[in-house]
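Colleague: Test case, fold it:
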Amino acid sequence: MKNPPEITLVLDRLRSAHNVGNILRIAEAVRAREVICCGYTPCPPHPKLAKTAMGTDTMVRCRWCRSSLDAVRRLRAEGVRQILAAEWNETSVPVWRQEYCYPLAIVLGNEALGVSAETLAEVDGCIGIPMFGEKSSINVGNAAAAIVCSILAAQDKLNG
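Modeller: Numbering: from 1, shown residues only. Okay, here's the model as predicted:
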């Protein structure tokens, strides 16, 4: 894939600087457009985040928004065509079955609380990774990696 699709990752109230650092590494690896840290999500510059990010905290465009709802509204005003929440519920589409429009934004939610209800009401839909275990929960950084890689695979398939 010559030019990766434009993807923005919106982090909704993530508690762990280590998770944010991991997501910044993923964002840099796929040349994401940017990462938006919302609410109390640790945002660069941050010493714990920097350790896990391994330099990507200075390589990936980052900004902060008061809430993920604010971020979604700003992204729409900036021309982002599709905004999806990474949240598994009764309306979610498996990440590999979703059709994507670019520029695209993915909202990743709090490790315990998920994506805020207000933001879920504003997004274009929900995507997720179907899970069959008893816990049905994986780390947000791992979920981000699986979701972004699935999106890139779908784009690559379209480009033949």
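Colleague: Okay, now the unreliable bits of the chain?
Modeller: Across the chain, the stretches falling below the confidence threshold (pLDDT under 70) are 1, 160.
Colleague: where along this structure do the helices fall?
Modeller: Assigned by DSSP state H, the helices in the chain fall at 17-29, 47-53, 68-77, 117-122, 140-159.
Colleague: Quick check: buried residues in the first one?
Modeller: Within helix 17-29, the residues that qualify as buried are 17-28, counting by 16 or more other Cβ atoms under 10 Å. The C-beta positions use only the backbone N, C-alpha and C, and glycine is treated the same way.
Colleague: and if you look at stretch 83-92?
Modeller: By neighbour count, and taking 16+ other Cβ under 10 Å as the criterion, the buried residues in stretch 83-92 are 83-88, 92.
Colleague: Kindly check the end-to-end length of it for me.
Modeller: Across its full length, stretch 83-92 reaches 13 Å between end residues, using Cα to Cα, to the nearest Å.
Colleague: Make JSON lines out of the buried residues of helix 17-29 and add distance to residue 44.
Modeller: Putting those into JSON lines (distance: Cβ to Cβ, whole Å) gives the following:
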{"residue": "17", "distance to residue 44": "10"}
{"residue": "18", "distance to residue 44": "14"}
{"residue": "19", "distance to residue 44": "14"}
{"residue": "20", "distance to residue 44": "9"}
{"residue": "21", "distance to residue 44": "9"}
{"residue": "22", "distance to residue 44": "14"}
{"residue": "23", "distance to residue 44": "12"}
{"residue": "24", "distance to residue 44": "8"}
{"residue": "25", "distance to residue 44": "13"}
{"residue": "26", "distance to residue 44": "15"}
{"residue": "27", "distance to residue 44": "12"}
{"residue": "28", "distance to residue 44": "12"}
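Colleague: one step back: which of the buried residues of stretch 83-92 sit farthest apart?
Modeller: When Cβ to Cβ is used, the two most widely separated members of the buried residues of stretch 83-92 are 83 and 88, lying 17.1 Å apart.
Colleague: Out of the buried residues of stretch 83-92, list just those in strands.
Modeller: Using DSSP state E, the members of these that fall in strands are 83-86.
Colleague: returning to what we had before: residue 129: which of the buried residues of helix 17-29 is nearest?
Modeller: Sorting the buried residues of helix 17-29 by distance to residue 129 puts residue 26 at the head of the list, at 14.6 Å, by Cβ to Cβ.
Colleague: Could you report the separation of that closest one from residue 76?
Modeller: In this view, residue 26 and residue 76 are 24 Å apart by Cβ to Cβ, to the nearest Å.
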